[in-house]
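J.: my questions concern the predicted model and sequence given below.
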Amino acid sequence: MKDGLQKEKLTLDRAIVVEGRDDVAAVSRAADALIIPTHGFGITGETWKVIAKAYEEKGLVILTDPDHAGEQIRRMLTERFPEAVQAYIAREDAAAAGDIGVENAQPEVIREALAKALARGPDPMAETEARGEVRFASMSDLREFGLAGCGGAAEKRAAVCKSLGIGYGNASAMIKKLKGFGIGIDELREEVEKSGTNKR
């Protein structure tokens with residue numbers, strides 16, 4: 001893999017799939033890569049072919065808007081391309097004038113999201129399995145860390161999910177994402193302590 005961080009742009013060997021032309025422009029300011037827009041839900045047969053070719057020959061990074069429609073498009077893409085790397089941008093970093101979208105994110109935010117996704121890779125479970133048994137967070141762990149079942153839990157979850165680069169979710173979704181990204185209880189505890197969200 002030739003993915004690497006240059007002085008100003010992140011250079012990716014993988015192709016990046018986004019939703020629209022404005023997203024292409026925004027990501028182009030942050031990364032040097034093949035960027036493929038889906039043009040929303042109505043992905044044409046020709047676009048599916050282009051994405052499939054990139055997936056087979058280069059590998060994919062999926063970077064969709066942090067809203068309901070973006071998550072639906074992400075699911076559609078992931079069903080067809082399960083080994084794609086998932087990159088996420090927090091809602092507050094993608095908001096401008098009431099609009100939520102990748103096109104609103106600053107280049108440094110996009111670079112960070114891509115870098116975190118690439119660091120985790122398409123199969124984070126392989127690494128955790130190689131290290132031996134890893135215990136993943138349960139709902140009681142999230143409660144203990146102040147990430148569920150208490151005042152301000154949603155904000156604390158958002159902060160930790162943003163720092164980990166895994167995309168926001170409710171408590172149940174966070175547990176699934178932590179496991180899917182191979183983030184064990186020790187790494188989560190470290191991130192919670194670093195972010196200061198464990199202070200009630």
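T.: It's in. As the structure is a prediction and not an experimental result, all values here were calculated from the model.

J.: outline the domain layout of the chain.
T.: 4-122, 129-195 (automatic domain parsing).

J.: would you list those in a markdown table and tack on mean neighbour count and mean pLDDT?
T.: All C-beta atoms are positioned from the backbone trio N, CA, C, and that covers glycine. What follows is these, written out as a markdown table (neighbours: other C-beta atoms under 10 Å; pLDDT from 0 to 100):
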| stretch | mean neighbour count | mean pLDDT |
| --- | --- | --- |
| domain 4-122 | 18 | 90 |
| domain 129-195 | 16 | 84 |
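
J.: now do the strands in this protein.
T.: Using DSSP state E, the strands found in the chain span residues 4-5, 10-11, 15-18, 31-32, 35-37, 60-62, 85-86, 95-96, 99-100.

J.: name the nearest residue to residue 88, sequence neighbours excluded.
T.: Closest residue in space to residue 88, ignoring its immediate chain neighbours: residue 167 at 3.4 Å, by C-beta to C-beta, 6 or more residues apart in numbering.

J.: distance check, the one you found against residue 9.
T.: 23 Å (C-beta to C-beta, to the nearest Å).

J.: and residue 43, by the same measure?
T.: Taken as C-beta to C-beta, the span from residue 43 to residue 9 is 27 Å.

J.: try residue 119
T.: 17 Å.

J.: same check, this time on residue 81
T.: Applying C-beta to C-beta to residue 81 and residue 9 gives a distance of 24 Å.

J.: could you do residue 54 as well?
T.: 19 Å.

J.: mind listing what the closest residue in space to residue 108 that isn't next to it in sequence touches?
T.: Nearest non-adjacent residue to residue 108, counting by C-beta to C-beta, 6+ apart: residue 30, 7.4 Å away. By C-beta atoms under 8 Å, 6 or more residues apart in numbering, the contact list for residue 30 reads 9, 10, 107, 108, 110, 111, 114.

J.: distance to residue 195 for the strands of the chain - can I get that in a markdown table?
T.: Below are the strands of the chain laid out as a markdown table (distance: least, C-beta to C-beta, whole Å):
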| stretch | distance to residue 195 |
| --- | --- |
| strand 4-5 | 23 |
| strand 10-11 | 24 |
| strand 15-18 | 27 |
| strand 31-32 | 26 |
| strand 35-37 | 31 |
| strand 60-62 | 25 |
| strand 85-86 | 21 |
| strand 95-96 | 21 |
| strand 99-100 | 23 |
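
J.: give the bridge partners for the residue lying closest to residue 20 once chain neighbours are set aside, please.
T.: The shortest distance from residue 20 to any non-neighbouring residue, by C-beta to C-beta, 6+ apart, is to residue 37 (5.4 Å). Here residue 37 sits in beta bridges with residue 18, as judged by DSSP bridges.
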